[in-house]
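Student: Below: sequence and its predicted model.
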Amino acid sequence: MKKYPMAAQLCHLVCPDCHSPIAESKSAGSPQLVCANGHGPWPVQDGIPWFADEISEFDGCWAQTYRVWKATSLFSAIAHRNSHWGIPHLFEPLLKRAGHYPLEMLDLGCGGGWEFLRRFGRITGVDISPIALQVASRVYDRIVGACVWRLPFPDGCFDVATCFWLVEHLRETEFVGLLREIRRVLRPEGHFIFLADLHSSKPILRWARSHPAEYRHFHVERVGHYGLRSLNYTCHLLRQAGYREEKTIPINKSSLLQPVTASWMFDNALGRKSRIVRLYTLLCRFAQKTTIVYRIIYNLLMEYHRWADRHLPDSYAFSAVFDWKVKLFREKAQVPARGSSESSARPPERETEPWSGLSLSTFNHSRRPVAVMVDNVPQAFPQHGLAHATTVFSAPVEGHCTRLLAICTLDLPPKIGPVRSTRPYFLAWAGAFQPFFIHCGASPEALMQLEDPDSLIGIELSYRIEEGTLIPLPLINAAIARFDPSRKSPHFVFAAPAAIFERPEELSFSLPALFRSAGGACLDNLLQYRLETERKWHHSDPHQDASKFACQVEIRVMDGASSGERFTWDESAKGFRRAALHGNQVIPGSEVPDLLIRNLIVLETQVESIPGDLRGRLRIQACGEGPGYIWRDGPKMDVTWRKLQPDMPIQFFDERGENILLRPGLTWIHFVGPGGEVRIK
């Protein structure tokens, strides 16, 4: 094992918490690393700096060094091209385009190391397995024990980051943290090249998922595949994290698996549920007993996979190789004072910037709209401010609950809430209005989008509770935060939207790219709502005096769910009254007398759980099209909804394909998934 001079190690390491320099300390008798700001200490074990908080539960399982050899015959040439699952031959063309030799490379979850990477430059290996790091030290130039979402390297110090079979082991929050850290440590236009197993729709895996208990035990928990994601969703997360696609190669689309792969996946209680799969695993076991037979079968299958990868759909891909570059963000500028010709660049270390020097002489309905995330559980009632909204989106979140997104365009309530955290699909629905977006927290994916927004201005409410008390202390955007001490956390946070315009100099947020690029010239656009967007939502309806009808609509997130909502038609007011349900009982405080819904819309969309998310968060199709129903002032009308992009409004079409007009007033849009239940009485 290599022994590295400590000085050489420290010159390229920083504190993983604050990114400040670290130094060696021997006060405890053994070498330790400490941060200038007091973080640490971190041990040095056998010359390896160790920043990881944990040791892999699979320590030693993936500690093999993948060596290369020279081909000496036709068969060895074929075997060489297929060696190590063909990964070197897939990666080498990508690495050649990444820059000139020598590259500064970072291999994440390095295991025992990949020898072919040494052809392209200097390599730093990172892992949380001591055994794997000891093996990798014989191959790589430097090794560090650290979590991949908390790297001890300075900003912009690597040309390329690689990883092999790592991201499928990372849960959602860990993968998002990895993407943010890689974006930080790569140089501008640096490459992130990695291989990942996918949530594949190939027939044999669809069959395996039809037995959820066995599939989770043998395919998820036993091998740590807590983060299997589809190809499209992985690309979506990369785009949202600030990467640009260079090349994506879906591979292993055929349902014929290599003998080793088939054995560990199906030589168990799951495989024995099918006679065909059981016979297949039996043949695979037999093939592995004879080295020559196994090599022939392996190479034949590899050549067949290359043919199948060109002809089968990408959704069948069992794995994929991703080559994505760090996208250069546009300069983020501080909005100058009205009438000022100067603008100052936003400090790169800050994620938000106060809106300074702005004063409004008028306060009218021409201002930019305000969107607020509103809690919708029994502890959140009574809710405030919904009657002032022009559009409310309701959609499921984790825990079989729903959450609301209230859009206020014409009138701002004095108080609205309780305010809760947001999810990415709410951001997509809010994008059409280009609003100030008030929220209190966000899921990891939504947080990435809010760091560099495209069509909205995120205003986060943040607070902490004093130890030993129940008193919340606001931390961010306190000017618009209001707290109700009579309620329990986290249902006590409210917002005063008018304060956005009354005290804008006290707010912090990230400007969308449109306003950052234009600087002070777009100051008026920050305050002026695009009225054409509103007109797309609210038209006068020539048929609003239709005949009387009696209607009651009950909506539940899932079939048999205890919580739900009831909308009852009020003939005298020509609108729906809303009440929240627990079982069949109305939740006290959920009925608001002045809340009158003019357009009730129920839209069907795709809803699924995010694989590996410990909180059970959902993935909801926000853009696309699907069926739905609309109640305006008459019986239910079947519609088709369509939303092409996050910055475009939802459109509704009747059976003839004509655009449906909505009545002026509050529009309530409820999204339901395949398990949702809509009852009409």
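Tutor: Alright, I've got the coordinates. Numbers count the residues shown, from 1 in each chain.

Student: Domain parsing of the chain, as residue ranges.
Tutor: Here the domain parsing of the chain from automatic domain parsing is 1-39, 52-200+225-253+317-328, 353-680.

Student: In this protein, where's the longest helix?
Tutor: Criterion DSSP state H: the longest helix present in the chain is helix 291-309.

Student: which helices and strands does that one pack with?
Tutor: helix 74-81, strand 243-251, helix 259-266, helix 275-288 (3 or more Cβ pairs under 8 Å, 6 or more residues apart in numbering; DSSP states H and E). C-beta coordinates here come from the backbone N, C-alpha and C atoms, glycine included.

Student: With Ser421 as the reference, name the closest of these.
Tutor: Distance to Ser421, taken as Cβ to Cβ, is lowest for strand 243-251 among the helices and strands packed on helix 291-309, at 24.5 Å.

Student: which of the residues in that closest one are buried?
Tutor: Residues Tyr243, Thr248, Ile249, Pro250, Ile251 are the ones in strand 243-251 that count as buried (16 or more other Cβ atoms under 10 Å).

Student: same question, stretch 236-243
Tutor: Leu237, Leu238, Gln240, Ala241, Gly242, Tyr243.

Student: what's the farthest-apart pair in the residues you listed?
Tutor: Leu237 and Gly242 (10.7 Å).

Student: circling back to that earlier point, check pLDDT for the buried residues of stretch 236-243 and point me to the minimum.
Tutor: Taking the buried residues of stretch 236-243 together, the minimum pLDDT is found at Gln240 (78).

Student: would a markdown table of the buried residues of strand 243-251 with distance to Asp647 be doable?
Tutor: Listed next are the buried residues of strand 243-251 as a markdown table, based on distance: Cβ to Cβ, whole Å:
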| residue | distance to Asp647 |
| --- | --- |
| Tyr243 | 20 |
| Thr248 | 25 |
| Ile249 | 31 |
| Pro250 | 29 |
| Ile251 | 34 |
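
Student: coming back round to it: from the buried residues of stretch 236-243, pick the one nearest Leu312.
Tutor: Leu312 lies nearest to Leu238 out of the buried residues of stretch 236-243, by Cβ to Cβ, at 23.0 Å.

Student: Grab the longest strand from this protein for me.
Tutor: strand 186-197 (DSSP state E).

Student: what mean pLDDT does it have?
Tutor: The pLDDT scores in strand 186-197 average 93.

Student: rewinding a little: nearest to Asp484, of the buried residues of strand 243-251?
Tutor: Nearest to Asp484 out of the buried residues of strand 243-251 is Tyr243 (Cβ to Cβ; 41.3 Å).

Student: Please name the residues that touch that closest one.
Tutor: Applying Cβ atoms under 8 Å, 6 or more residues apart in numbering to Tyr243 gives the contacts Leu179, Arg183, Phe192, Trp324, Lys325, Val326, Lys327.

Student: Pull the contacting residues for the nearest residue to Cys157 once chain neighbours are set aside.
Tutor: Distance criterion Cβ to Cβ, 6 or more residues apart in numbering; nearest residue to Cys157, sequence neighbours excluded, is Val185 at 5.8 Å. Residues counted as contacts of Val185 (Cβ under 8 Å, 6+ apart) are Leu106, Leu151, Phe153, Pro154, Asp155, Gly156, Cys157, Phe158, Ala161.

Student: Out of those, which sit inside strands?
Tutor: Those of the contacts of Val185 mapping onto strands are Leu106, Phe158, Ala161, per DSSP E.

Student: The residues you listed into a markdown table, with extra columns for neighbour count and distance to Ala77?
Tutor: Below are the ones in strands among the contacts of Val185 laid out as a markdown table (neighbours: other Cβ atoms under 10 Å; distance: Cβ to Cβ, whole Å):
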| residue | neighbour count | distance to Ala77 |
| --- | --- | --- |
| Leu106 | 28 | 31 |
| Phe158 | 23 | 33 |
| Ala161 | 26 | 31 |
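
Student: Those residues into JSON lines, with extra columns for pLDDT and distance to Gly458?
Tutor: Formatted as JSON lines, the ones in strands among the contacts of Val185 follow (pLDDT from 0 to 100; distance: Cβ to Cβ, whole Å):
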{"residue": "Leu106", "pLDDT": "96", "distance to Gly458": "30"}
{"residue": "Phe158", "pLDDT": "94", "distance to Gly458": "30"}
{"residue": "Ala161", "pLDDT": "96", "distance to Gly458": "28"}
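
Student: Next, format those residues as JSON lines and append distance to Ala622.
Tutor: Below are the ones in strands among the contacts of Val185 laid out as JSON lines (distance: Cβ to Cβ, whole Å):
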{"residue": "Leu106", "distance to Ala622": "34"}
{"residue": "Phe158", "distance to Ala622": "34"}
{"residue": "Ala161", "distance to Ala622": "30"}
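
Student: so which strand or helix has the residue nearest the centre of the chain?
Tutor: What sits nearest the mean C-alpha location of the chain, by Cα atoms, centre = their mean, is Glu445, with 2.5 Å. Here Glu445, judged by DSSP states H and E, is contained in helix 444-451.

Student: Output the below-cut-off pLDDT ranges for this structure.
Tutor: Scanning the chain for pLDDT under 70 picks out the ranges 1-11, 26-29, 56-60, 71-75, 328-367, 467-469, 513-550, 559-561, 612.

Student: at 50 instead, please
Tutor: Applying pLDDT under 50 to the chain flags the ranges 1-10, 330-366, 518-547.

Student: roughly how far apart are Pro435 and Ile650?
Tutor: 15 Å (Cβ to Cβ, to the nearest Å).

Student: and what of Asp141?
Tutor: Distance of Asp141 to Ile650, given as Cβ to Cβ: 53 Å.

Student: Who has more neighbours out of the two?
Tutor: Ile650 (22 against 17; other Cβ atoms under 10 Å).

Student: burial measure for Pro649, as a count.
Tutor: Pro649 - counted by other Cβ under 10 Å - has 20 other residues nearby.

Student: Return the residues in contact with Phe164.
Tutor: Applying Cβ under 8 Å, 6+ apart, the residues near Phe164 are Ile87, Gly109, Gly111, Trp114, Phe194, Leu195.

Student: ok, now Phe322?
Tutor: By Cβ under 8 Å, 6+ apart, the neighbours of Phe322 are Phe192, Ile193, Phe194, Leu195, Ala196, Thr234, Cys235, Leu238, Thr248.

Student: my guess is the fifth one contacts Ala320, does it?
Tutor: This means Ala196. Yes - using Cβ atoms under 8 Å, Ala196 is in contact with Ala320, at 6.2 Å.

Student: Which neighbours do those two have in common?
Tutor: Common neighbours of Ala196 and Ala320 (Cβ under 8 Å, 6+ apart) are Thr234.

Student: any chance of the domains of the chain in a markdown table, with distance to Ser274 too?
Tutor: Shown next, in a markdown table, are those (distance: least, Cβ to Cβ, whole Å):
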| stretch | distance to Ser274 |
| --- | --- |
| domain 1-39 | 46 |
| domain 52-200+225-253+317-328 | 18 |
| domain 353-680 | 23 |
